[in-house]
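>>> The following comprises the amino acid sequence and a computationally predicted model.
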Amino acid sequence: MSQDSGLRNTSIVGLQWGDEGKGKFVDVLAAEHDVVVRFNGGANAGHTIVVEGERLAMHLMPSAVLNPNCELVIANGTVIDPEILVAEIDMVESRGLKLNGRLHLSSRAHVVLPWHALLDGAAEARLSNLGDAIGTTKRGIGPAYADKIGRSMAVRLGDLLDTAYLKAHLNKITPLRQEELRIAGNNETVGADDIANRLIALGERLKPFITDTTWLLHDRVREGRSILFEGANACLLDVDHGTYPFVTSSNSSALGISPGTGLPAKSLGKVVGVMKAYSTRVGGGPFPTELSDAIGDRIRERGREYGTTTGRPRRCGWIDLVAVRYAAMVCGVDALAITLLDVLSGFDELQICTAYQTPSGETIRRFPVDARDLEHCVPVYETHPGWVEEIDGCEKLSELPNACRSYLEILQNHLDLPVEFVSIGPDRKQTIRLTPSSACMNEACCTQA
Ligand code: GDP
Ligand code: IMO
Ligand code: MG
């Protein structure tokens, strides 16, 4: 039996629509943990870490890779494109970092097959003609998870090592997939032998890393190791709890950790919710505080808000506390990490959305269930004074301008959660850590660790 009460563990999850800076915080907090685990999503994620000016963007590799003492696990809840993963392993090893014995891939994780991206692209093209595109990353995420749930057409990572089974299985399912592709409007030929041979070669490369990560994680818990869970995508993109259908296809809130790893829910430990000091979204879907104007453009340029995975310009807007309050509730957040605060320097004033007005004139503070309702919500703003100073060189809370500290205090008070980390630049070092005292942003009560 595992002894884990989760006390030493940390879960890092995004509280908006992705790209909150989760990768940076995984890198920062990895130094305090023994094992870092990706539990959901696939190469739709793009996590960036910056250490001493050097930038590393990864899609599948856990963001703790530059912490050599951390074990890295890609657990059962993920969907793995083996081509992308092998390229990332090669990239990491070419930097002299060792992965053998350190990286562990779940044999239960599902494989993103070449036709998944084709089906994703075909579905998006069809929806886009109807004006309904989700705006996916076209990495095949939806079709891969659909196959996982559908069961008969799926391939799991462990299957790559059973070549006889894999060939037979692909021979059975490829003709069906070929037919489906044609119906979806894609006439590309997919050959079972070609796919099998490529997957077997990739399986050979991945073999040293493939294991039963459920047992491995329980072993680590029994050994008293601490675990850091790395969320991909974010709470508002969660297939069950996000702005459906404009979501991804996994449980990308903290609720996905237990099914995605095989560890019990009590293992989550402290849940750190990462949120930008403003909002962004990539792809389609409602976004009440979106700014389609010069202010939005300024946020995009200052924050370099272009997708890590697709290069798409991210939609930008003011902070939405109705959305974040909901996400923090669903995820059971214990502490907040506020990122990209430096981007907000130089605005005369800032708007903070604290409620929505519905078309019937009602003011609501609860995030609506339905994306169609959210589409019609108008944000109710509180205006906050801006600050002119650049803050990316600040090392302590006391060095932040007063208006900036009061902005943080307002977020803290509205969300009723302590701000524990403030990020004022992409580098690992540009992080201010506060003692978890909830009430105030006054240096006298919140000292920097
Ligand atoms: P993730 O998907 O949540 O890991 O976030 P991404 O890496 O996709 O996007 C966050 C982007 O913001 C990356 O380019 C980071 O290097 C960068 N970043 C993270 N924190 C900060 C910050 O505090 N200030 C600035 N200016 N950039 C940051
Ligand atoms: P990280 O981990 C931002 C969005 C896509 C699209 C929707 C569905 O970097 O925060 P999918 O390809 O998953 O079927 O696309 O979800 N999306 C993300 N947006 N950051 C991400 O990950 C995302 N992962 C998925 O843009 O709107
Ligand atoms: Mg990202």
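Yes, it's here. Numbering: from 1, shown residues only. Ligands and ions are numbered 1, 2, ... in the order given.

>>> Which positions in this structure make contact with ligand 3?
Within reach of ligand 3 by C-beta under 5 Å from the ion, the chain has these residues: 19, 46, 308. C-beta: built from backbone N, CA, C; applies to glycine.

>>> which of the residues you listed count as buried?
With neighbours counted by 16 or more other C-beta atoms under 10 Å, the residues of the chain next to ligand 3 contain buried members at 19, 46, 308.

>>> The first one: what's it in contact with?
With C-beta atoms under 8 Å, 6 or more residues apart in numbering as the criterion, the residues that contact D19 are 46, 234, 276, 280, 282, 305, 307-308, 314.

>>> Repeat the analysis, applying 10 Å as the threshold.
Residues near D19 by C-beta atoms under 10 Å, 6 or more residues apart in numbering: 45-48, 233-234, 274, 276, 280-282, 303, 305-309, 314, 339-340.

>>> chain center to stretch 235-245, what's the gap?
12 Å (C-alpha atoms, centre = their mean, to the nearest Å).

>>> Kindly report the residues of the stretch 251-400 of the chain close to ligand 2.
282-283, 308 (C-beta under 6 Å from any ligand atom).

>>> what's the closest of those residues to A371?
G283 (12.4 Å; C-beta to C-beta).

>>> before we move on, the earlier item: please go through the residues of the chain next to ligand 3 and note which also touch ligand 1.
Within these, those near ligand 1 by C-beta under 6 Å from any ligand atom are 19, 46, 308.

>>> Tell me the one of these nearest A265?
Relative to A265, the closest of these is D19; by C-beta to C-beta it sits at 26.4 Å.

>>> can you give me the helices in this protein?
Along the chain, the segments classed as helices by DSSP state H run 22-30, 82-94, 114-129, 141-150, 163-183, 192-206, 213-222, 257-261, 294-302, 321-331, 371-375, 402-415.

>>> looking at those helices, which is buried most?
Most buried of the helices of the chain, by mean neighbour count (mean count of other C-beta atoms under 10 Å): helix 22-30, with a mean of 26.

>>> Tell me how far that helix lies from the chain's centre.
How far helix 22-30 lies from its chain's middle: 12 Å, per C-alpha atoms, centre = their mean.

>>> again with stretch 64-73
Mean-position distance between stretch 64-73 and its chain equals 18 Å (C-alpha atoms, centre = their mean).

>>> Please apply the same query to stretch 109-127.
20 Å.

>>> Need the nearest residue in space to the residue of the stretch 301-449 of the chain found nearest ligand 2, chain neighbours excluded.
Nearest residue of the stretch 301-449 of the chain to ligand 2 (C-beta to the nearest ligand atom) works out as T308 at 5.9 Å. Excluding the flanking residues, the one nearest T308 by C-beta to C-beta, 6 or more residues apart in numbering is G46, at 2.6 Å.

>>> do you know how far the one you found is from ligand 2?
To ligand 2, G46 is 4 Å away according to C-beta to the nearest ligand atom, to the nearest Å.

>>> circling back: among the ones next to ligand 1 among the residues of the chain next to ligand 3, which are located in strands?
Among those, no residue falls in strands (DSSP state E).

>>> Can you lay out those as TSV showing pLDDT?
Formatted as TSV, those follow (pLDDT from 0 to 100):
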residue	pLDDT
D19	97
G46	95
T308	82
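
>>> Go ahead and confirm F39 touches T214.
No: the pair F39 / T214 is not scored as a contact, 11.6 Å apart, by C-beta atoms under 10 Å.

>>> mind giving me the domain split of this structure?
Structural domains of the chain, as assigned by automatic domain parsing, span the residue ranges 10-106+212-448, 110-208.

>>> What's the local residue count around the nearest residue to A328 once chain neighbours are set aside?
Leaving aside its chain neighbours, A328 sits nearest to G273 (5.2 Å; criterion: C-beta to C-beta, 6+ apart). Neighbours of G273 under the rule other C-beta atoms under 10 Å: 31.

>>> which residues pair with G273 across the strands?
Beta-bridge pairing for G273 (DSSP bridges): V13, L336.

>>> Could you pull up the contacting residues of it?
G273 is in contact with 11-16, 20, 22, 231, 234-235, 253-254, 324, 327-328, 331-338, 415, 417, 420, counting by C-beta under 10 Å, 6+ apart.

>>> Kindly report the same for D427.
Contacts of D427 by C-beta under 10 Å, 6+ apart are 24, 27, 49-55, 392.

>>> Also L29?
By C-beta under 10 Å, 6+ apart, L29 lies in contact with 10, 12, 36, 63-64, 67, 228, 230, 270, 272, 337, 421, 431.

>>> from what I can see V333 touches G231, true?
No: the criterion here is C-beta under 10 Å, and V333 misses it with G231 at 11.4 Å.

>>> Those two: which has the busier surroundings?
Between V333 and G231, G231 has the larger neighbour count (other C-beta under 10 Å), namely 35 against 26.

>>> Could I get the CA-only coordinates of stretch 333-349 as PDB?
C-alpha atoms of stretch 333-349 as PDB (Å, rounded to 0.1, in the frame of the first residue of the first chain):
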ATOM      1  CA  VAL A 333      -6.000  25.700  -5.800                       C
ATOM      2  CA  ASP A 334      -4.000  26.400  -2.700                       C
ATOM      3  CA  ALA A 335      -1.700  29.200  -3.900                       C
ATOM      4  CA  LEU A 336      -1.400  31.400  -7.000                       C
ATOM      5  CA  ALA A 337       1.600  32.000  -9.300                       C
ATOM      6  CA  ILE A 338       1.000  35.300 -11.200                       C
ATOM      7  CA  THR A 339       3.000  35.500 -14.400                       C
ATOM      8  CA  LEU A 340       3.800  38.000 -17.100                       C
ATOM      9  CA  LEU A 341       3.200  40.900 -14.700                       C
ATOM     10  CA  ASP A 342       6.000  42.800 -16.400                       C
ATOM     11  CA  VAL A 343       3.900  42.900 -19.600                       C
ATOM     12  CA  LEU A 344       1.500  45.300 -17.900                       C
ATOM     13  CA  SER A 345       4.000  48.100 -17.300                       C
ATOM     14  CA  GLY A 346       3.300  51.400 -19.100                       C
ATOM     15  CA  PHE A 347      -0.500  51.300 -19.300                       C
ATOM     16  CA  ASP A 348      -2.300  54.300 -17.900                       C
ATOM     17  CA  GLU A 349      -5.000  52.100 -16.400                       C
END
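
>>> Could you give the separation of that stretch from the chain centroid?
Mean-position distance between stretch 333-349 and its chain equals 18 Å (C-alpha atoms, centre = their mean).

>>> need the contacts of L29 in JSON lines with neighbour count and pLDDT, can you?
Converted to JSON lines, the contacts of L29 look like this (neighbours: other C-beta atoms under 10 Å; pLDDT from 0 to 100):
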{"residue": "T10", "neighbour count": "24", "pLDDT": "98"}
{"residue": "I12", "neighbour count": "27", "pLDDT": "98"}
{"residue": "V36", "neighbour count": "25", "pLDDT": "98"}
{"residue": "S63", "neighbour count": "30", "pLDDT": "97"}
{"residue": "A64", "neighbour count": "27", "pLDDT": "97"}
{"residue": "N67", "neighbour count": "23", "pLDDT": "95"}
{"residue": "L228", "neighbour count": "27", "pLDDT": "98"}
{"residue": "E230", "neighbour count": "31", "pLDDT": "98"}
{"residue": "K270", "neighbour count": "18", "pLDDT": "98"}
{"residue": "V272", "neighbour count": "26", "pLDDT": "98"}
{"residue": "A337", "neighbour count": "25", "pLDDT": "98"}
{"residue": "F421", "neighbour count": "21", "pLDDT": "98"}
{"residue": "T431", "neighbour count": "20", "pLDDT": "98"}
